[in-house]
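Asks: pasting the sequence and the predicted model now:
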Amino acid sequence: SKTVWAATGKKLPLADVTLAAYLLDPTRTAYGLTYLSEKFAVPLAENPEAPDTVRCDEGAAFVYALWPKEKQSLEEFKLDELYQSIEEPLIHTLAVMEMNGFAVDETRLQEMERELSLKADELEQSIYDDAGEVFNINSPKQLGQILFEKLQLPVIKKTKTGYSTDSSVLEELRDKHPMIDKILQFRALKKLISTYLEGLEPLISRETGRIYTSFNQMVTATGRLSSSDPNLQNIPIRTEQGRKIRSLFIPGEGYDYIVSGDYSQIELRLLAHIAGDEHMIAAFRTGEDIHTVTASQVFGVPPEQVTHEMRRRAKAVNFGIVYGISDFSLSQDIGVTRAEAKAYMEKYFEKYSGVHAYMTQVVERAKADGYVSTLMGRRRWLPELKSSNFNLRSFGERVALNMPIQGTAADLIKKAMLRVDGRLRREGLEARLVLQVHDELIVECPEGEAEQVQRLLAEEMEHVAELAVPLTAEAHAGKSWAEAKG
């Protein structure tokens, strides 16, 4: 259906039976014909020579018989509005984005590959010098022997096959030996080179100089879009290396600027709205920095006396709460004792009592209903809450806390994509959407449209929903994705 819509440029009458099945059961990994036949009790005459396929004429008849039953189920579970207003129209927008692609500066990519490879080689030699011998840095066994036997560093944890040398172990050892920092840098560089530089280069079209990713509507249980072949959504956001990779993505021929529109703290704003917490709502309405406000309340000091470290810890608590973090995980994240982390969380819940009440209520309601839902009605079923296995039940509780917030954020960014795409067309602009990553929309445009597109992007993103707090989006233009990201 994506290809038909994109090729004709017309929004043809459409019913996507797999997309409907995904909304009804979003945790499945596949929605094959056999599954659809069994779930909706529609007979399927399979092709014996190719399982899970049918002859074209029989397939058409099967889909024709299947759709009314799916439509009935969508209506029964109040998912029909989500399907009709967001998911089904989005097929066209995503199809066009896939065909647009994103231009890449191949010359700069090759230069960067040489630069970073040279740096990785230098780090490798320096690690050998520190170790006093040559060994395979990528071998956990050999690295473990160097670190824990030869250098006598403290053993943090063991695996079935020997010493653990994963990133969490190395982070704990970082101040114990200068080699550790070099190993972490070496690993990061090698991943960057193999995943992004060597990985992206063969995917650049010789004809257009652009990379064409695929957007997946039916992969994540929260409703978030995913990207594959290549995955352009997993470029590190906050690292200098990630910024270098984003600098390779540029306006293509006929375009001059990349414009990036990004939501500010959308999940915390949704938490404030959904929980109805008056203190958090007040902080967002007055435009105060939510992490400073939280630090002030948790640590009992005036906002002007909040230190950088206090704000960092408050930020970890704020985002941790959204994901149902435990006091143990929080203590690991911010480098304090478990008792201190527990005290921070208790103070947080004392100040944000509405959030605390919401967290209790949403889990209890999920246990009673068997599912949680977003503001726009997207559902996730949670059989894990009735499991006799403690770990599964705990997982279900974390999902119950997080999914209404993360899922609503996913719904809103999708709605924003539709609004931005529609307005670009209505205003007759040459600018076009090329990518969606997390809470960010990326557009390429000619120089004369840059200011208009920045304004349009921020306006459409901010007005997708009326909440108890303002939705804030910032849009910036630049000569590359990195510049536009700011």
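Replies: Received, thanks.
Asks: Arg380 belongs to a strand?
Replies: Yes - assessed with DSSP: H, G, I helix; E, B strand; the rest coil, Arg380 lies in a strand.
Asks: okay, and the beta partners of it?
Replies: In this entry, Arg380 is beta-bridged to Val372, by DSSP bridges.
Asks: distance of it relative to Leu24?
Replies: To Leu24, Arg380 is 11 Å away according to C-beta to C-beta, to the nearest Å. To be clear about C-beta, it is placed using only N, CA and C from the backbone, and glycine gets the same treatment.
Asks: can you give me the helices for the stretch 351-486 of the chain?
Replies: 353-369, 390-426, 450-462, 481-485 (DSSP state H, counting those that start in this stretch).
Asks: mean pLDDT and distance to Leu74 added to the ones you listed, as JSON lines?
Replies: Converted to JSON lines, these look like this (pLDDT from 0 to 100; distance: least, C-beta to C-beta, whole Å):
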{"stretch": "helix 353-369", "mean pLDDT": "94", "distance to Leu74": "18"}
{"stretch": "helix 390-426", "mean pLDDT": "95", "distance to Leu74": "15"}
{"stretch": "helix 450-462", "mean pLDDT": "97", "distance to Leu74": "27"}
{"stretch": "helix 481-485", "mean pLDDT": "93", "distance to Leu74": "37"}
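Asks: which one of these is the most hemmed in?
Replies: helix 481-485 (a mean of 22; mean count of other C-beta atoms under 10 Å).
Asks: that older thread, identify the contacts common to Arg380 and Leu24.
Replies: The contact sets of Arg380 and Leu24 do not overlap (C-beta atoms under 8 Å, 6 or more residues apart in numbering).
Asks: with respect to Pro230, which of the helices of the stretch 351-486 of the chain lies nearest?
Replies: helix 481-485 (14.1 Å; C-beta to C-beta).
Asks: now what about the closest one, what contacts it?
Replies: 102, 243-244, 246-247, 249-250, 257-260, 262, 440, 442, 476-478.
Asks: I'd say Thr165 and Gln145 touch.
Replies: No - the criterion here is C-beta atoms under 8 Å, and Thr165 misses it with Gln145 at 10.1 Å.
Asks: which one of those two has more residues nearby?
Replies: Thr165 (24 against 16; other C-beta atoms under 10 Å).
Asks: before we move on, the earlier item: the helices of the stretch 351-486 of the chain into a markdown table, with extra columns for distance to Pro178?
Replies: Conversion of the helices of the stretch 351-486 of the chain to a markdown table gives the following (distance: least, C-beta to C-beta, whole Å):
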| stretch | distance to Pro178 |
| --- | --- |
| helix 353-369 | 43 |
| helix 390-426 | 38 |
| helix 450-462 | 45 |
| helix 481-485 | 30 |
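Asks: okay, and which of the contacts of helix 481-485 map to strands?
Replies: 102, 249-250, 257-260, 262, 440, 442, 476-478 (DSSP state E).
Asks: out of those, which is most surrounded?
Replies: Ile258 (29 neighbours).
Asks: apart from its neighbours in sequence, what residue is nearest that one?
Replies: Ala484 (4.4 Å; C-beta to C-beta, 6 or more residues apart in numbering).
Asks: from Arg114, how far out is that neighbour?
Replies: 26 Å.
Asks: repeat for Phe249
Replies: 19 Å.
Asks: and for the residue lying farthest from the centre of the chain, nearest residue in space, chain neighbours not counted?
Replies: Ranked by distance from the centre of the chain (C-alpha atoms, centre = their mean), the top residue is Gly132, with 42.0 Å. Using C-beta to C-beta, 6+ apart and skipping the chain neighbours, the partner closest in space to Gly132 is Lys150 (7.7 Å).
Asks: wait, that neighbour touches Gln142, no?
Replies: No - contact status for Lys150 versus Gln142: not in contact, 10.5 Å apart, counting by C-beta under 8 Å.
Asks: which one's more surrounded, the two?
Replies: Set Lys150 next to Gln142 and count neighbours by other C-beta under 10 Å: Gln142 wins out with 16 against 12.
Asks: host element of the more buried one?
Replies: helix 140-144 (DSSP states H and E).
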